[in-house]
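In: Below are the sequence and a predicted model for it; my questions follow.
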Amino acid sequence: MIAGMMSFVACGPSAEQKAAEQARLDSLTADSIAQVEAAAAAEQTRVNDSIAQVEAAAAEQAKADSIANAPKGKKK
């Protein structure tokens with residue numbers, strides 16, 4: 001009977017092992033979340049840079065158009 005009880009207690013992970021496994025899983029989850037957040041931040045930076053380039057090109061084009069459409073002739 002005692003041997004049966006000992007084998008029952010010996011089966012399965014201990015509370016310490018369960019806690020260590022849960023800590024490992026929590027760490028992996030946190031790492032995965034951090035990777036996703038970093039990728040999202042990098043994508044947002046890429047989008048913002050693209051928008052800034054388009055806006056700068058539009059401003060340059062507007063300046064060139066303004067110069068091209070300026071009245072030609074003598075200045076007063």
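Out: Everything's here; your move.
In: switch to C-alpha atoms for all contacts and neighbour counts from now on
Out: OK.
In: ok, now how distant is Ser66 from Glu60?
Out: 10 Å (CA to CA, to the nearest Å).
In: Where do the strands of the chain begin and end?
Out: With DSSP state E as the criterion, the chain has no strands.
In: any weak-confidence spans in it?
Out: Applying pLDDT under 70 to the chain flags the ranges 1-10, 74-76.
In: again, only using 80
Out: 1-11, 73-76 (pLDDT under 80).
In: if you count residues, which helix in it comes out on top?
Out: When the chain is parsed with DSSP state H, its longest helix is helix 15-69.
In: so what's in contact with Ser66 and Glu60 at the same time?
Out: Common contacts of Ser66 and Glu60 (CA atoms under 8 Å, 6 or more residues apart in numbering): none found.
In: For Lys18, grab the count of nearby residues.
Out: 12 (other CA atoms under 10 Å).
In: Apologies, that question was intended for Glu37.
Out: For Glu37, using other CA under 10 Å, the count is 12.
In: Tell me the spacing between it and Ala30.
Out: 10 Å.
In: before we move on, what about Ala56?
Out: 39 Å.
In: same deal with Val36?
Out: 10 Å.
In: what do you get for Ala20?
Out: Taking CA to CA, one finds Ala20 at 15 Å from Ala30.
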